[in-house]
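[1] Any chance you could fold what I've pasted below:
(chains A and B)
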Amino acid sequence: MSVRVRFAPSPTGYLHIGGLRTALYNYLFARRNGGTLVLRIEDTDRARFVADAESDILESLRWSGIDVDEGPELGGPFGPYRQSERSALYRDAAEQLIASGHAYYAFDTPEALDAMRNRLASQGSSSPRYDAMTRMEMTNSLTLDANEVSARLSAGDPHVVRLKVNSGQDITFTDAIRGQVTFRSDEVDDQILLKSDGLPTYHLANVVDDHHMEITHVIRGEEWLSSTPKHILLYRYFGWAPPEMAHLPLIFSPSGGKLSKRKSEIEGIPVFVREYRQIGYEADALVNYLAFLGWNPGDDRELFSKEELISEFSLERVGSSGVQFSIDKLKWYNEQHLRSLPDTELVTRVQRDLVKRGIETDEKYLTRVLSVMTDRISLAADLASQARYFFEDPRGYDEAGVKKRWKGDSAKLLSAYAGRLASIEPFDAATAETALRDLADEQKVGAGRIIHPVRLALSGVTFGPGLFELIEVLGRETCLRRIRAAVDTLGH
RNA sequence: GCCGCGUUCGUCUAGGGGUCUAGGACGCCGGCCUCUCACGCCGGUAACACGGGUUCAAAUCCCGUACGCGGUACCA
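    The predicted model follows:
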């Protein structure tokens, strides 16, 4: 049987970084095994529905290079792929369970449920729940007589459908990552399958869809591990074979706990994929990093292309303990991927960012700039934010730098050097360097006495590429203009 | 509280009874290079949660404890 997996996000918000990791593992597993990746939108919660969440999920997956084979956009033989469009399926399934005695109608009001839970809690119950022990005290088709039930149903009384979980049995399943896991059925409550609005809960919809879509492996976050026994029971009651289960370790914030919007601001870790795209991370770098958040190839290699990940990925090598997200490590991956990019690709990336900032430049010039800057940036966007002087004259000079480097003789030395730059041939790094060192010798000063103030004049700052490379890239006109401006401004 | 899952350097991890005085990567520290800042290279810091047990031998197997995380909704 060919592998079919799914990524099934709920459109209650933008695609989360943890969601992307889940999508990625499903994608890698599918591609590795020549299988199919299904995208299913689980929009059964009307209260938390966010209108533009689905398009964000689609766009984020596309940006990340995770292409799905079936989904709401491109269709497929098992559609529709939005749960809101499959309601009839779930209702039929629920009725089937009622008919076979594995589910029942319940008419309890929210108040009645609260009262029941409070009462049990006050009696010292360790876990008040709607289950085999308590359901006989509630208002449902197991305690009401048949006439009353049909009367209520035809009167349109609000009701839900609950799973009837028998007590006293062990529910065991094998998780591909954790091995055998067992729950006692006494710990599983009579889960609501169909809500009073007629829509299914996750548990029902998930099992019904995974079966109808012929999903062979369920790869999802560990937060679902505890509800898996409910799903196993559902498969059993429907008479369906459950898929393989694999629960991925959760991703945490560096301070522990889950990554939240709030923490993201404090700790500088974005939670939404779209933010990584906006900041300018390389999709391949993010994917590479995310792949390693819970998986590794078993040796020392760390830099992987998407294709390499596909050919090496396996669930056997996925770890079982939660992992902390590290923005430093991601930054490192981004640097590595950036530097491995072909020149033309890098130029394209950086130019896109420059255009956004209203900086115009041509590719030829940018290629030369990058030849001296690639090793100095972590993100494509760093060029504009950290080395704007390649595109416009400095608007000021770093104060501490001036204090440290601009001496009494700087103006005189720089003017003299400008004089040499005006006529050197060819105008390149080597010649500029010779000219500077000759001048320093003649003036009986160390070369640094000229180099540092010239850098300040050209860039406004005290760091950056080698001065002579900088001079060559900027060109004669610009260098002369900037040196004159600095002499005028900083004086002496 | 109850149930489940987890626990190797600060972080991501290798390790699946002897080859481990525990390896790699990020970070951090130091050095080299050098006109600055990076890159690169070299070196350093730092871990088997704790307690029992099994065994000739345990980071590796078992039990317990602690801690962390998840679940415990008409949310997914």
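[2] Tell me, how many residues neighbour A:Gly268?
    9 (other Cβ atoms under 10 Å). Just so you know, the C-beta spots here come from the backbone N, C-alpha and C atoms, and that holds for glycine as well.
[3] what's the answer for the one 4 residues further on, then?
    As a burial measure, the neighbour count of A:Phe272 was computed by other Cβ under 10 Å and equals 19.
[4] residue contacts, the nearest residue to it once chain neighbours are set aside?
    Leaving aside its chain neighbours, A:Phe272 sits nearest to A:Tyr14 (4.4 Å; criterion: Cβ to Cβ, 6 or more residues apart in numbering). The contact partners of A:Tyr14, by Cβ atoms under 8 Å, 6 or more residues apart in numbering, come to A:50, A:53, A:56-57, A:60, A:272-274.
[5] what about chain A, any weak spots by pLDDT?
    A:492 (pLDDT under 70).
[6] And for it, the residue most distant from the center?
    Within chain A, A:Glu442 marks the point farthest from the mean C-alpha position, 58.8 Å out by Cα atoms, centre = their mean.
[7] For that residue, give its distance to A:Ile471.
    A:Glu442 is 19 Å from A:Ile471, where distance means Cβ to Cβ, to the nearest Å.
[8] got it, and A:Val273?
    42 Å.
[9] repeat for A:Tyr281
    A:Tyr281 is 32 Å from A:Ile471, by Cβ to Cβ.
[10] Which of the contacts of A:Tyr14 fall in helices?
    Mapping those onto helices (DSSP state H) picks out A:53, A:56-57, A:60, A:273-274.
[11] got a list of what A:Arg339 touches?
    With contact set as Cβ under 8 Å, 6+ apart, A:Arg339 has these partners: A:374-375.
[12] Report the secondary structure state of it.
    The three-state assignment at A:Arg339 reads helix, by DSSP: H, G, I helix; E, B strand; the rest coil.
[13] Show me where chain A has its strands.
    A:4-7, A:36-39, A:103-106, A:160-163, A:170-175, A:179-184, A:192-194, A:217-221, A:244-248, A:251-252, A:323-324 (DSSP state E).
[14] And the ones in helices among the contacts of A:Tyr14, which two are furthest apart?
    A:Ala53 and A:Val273 (11.9 Å; Cβ to Cβ).
[15] Give me the more crowded residue out of those two.
    Taking other Cβ under 10 Å, A:Ala53 and A:Val273 do not tie; A:Val273 has more neighbours (26 against 19).
[16] Quick check: A:Leu338 vs A:Asp284, distance?
    In terms of Cβ to Cβ, A:Leu338 sits 10 Å off from A:Asp284.
[17] what do you get for A:Leu290?
    According to Cβ to Cβ, A:Leu290 and A:Asp284 sit 11 Å apart.
[18] neighbour-wise, which of these two wins?
    Using other Cβ under 10 Å, the more surrounded residue of A:Leu290 and A:Asp284 is A:Leu290, with 25 against 22.
[19] out of the ones in helices among the contacts of A:Tyr14, who's nearest RNA strand B?
    Among the ones in helices among the contacts of A:Tyr14, A:Ala53 lies closest to RNA strand B (Cβ to the nearest atom of the strand), at 10.9 Å.
[20] which residues does that closest one contact?
    A:Ala53 touches A:11-14, counting by Cβ under 8 Å, 6+ apart.
[21] what does the stretch 151-300 of chain A put close to RNA strand B?
    A:158-160, A:178-179, A:181-184, A:187, A:189, A:192, A:195-197, A:199, A:201-202, A:222-227, A:249-250, A:252, A:254, A:256-258, A:292-294, A:296, A:298-300 (Cβ under 7 Å from any atom of the strand).
[22] Run a quick neighbour tally on A:Ser311.
    Neighbours around A:Ser311, by other Cβ under 10 Å: 12.
[23] Kindly apply the preceding question to A:Glu59 instead.
    Residues near A:Glu59, counting by other Cβ under 10 Å: 16.
[24] Closest to the centroid, which residue in chain A?
    In chain A, the residue lying closest to the centroid (Cα atoms, centre = their mean) is A:Ile17, at 2.5 Å.
[25] Look up how far RNA strand B lies from that one.
    14 Å (Cβ to the nearest atom of the strand, to the nearest Å).
[26] same check, this time on A:Ala435
    13 Å.
[27] so who does that residue touch?
    A:417, A:420-421, A:424.
[28] what about 6 Å?
    A:420, A:424 (Cβ atoms under 6 Å, 6 or more residues apart in numbering).
[29] What of A:Ala283?
    A:Ala283 neighbours (Cβ under 6 Å, 6+ apart): A:63-65.
[30] possible to save these as TSV with distance to A:Pro80 and neighbour count?
    TSV is the format used below for these (distance: Cβ to Cβ, whole Å; neighbours: other Cβ atoms under 10 Å):
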residue	distance to A:Pro80	neighbour count
A:Trp63	24	16
A:Ser64	24	22
A:Gly65	25	13
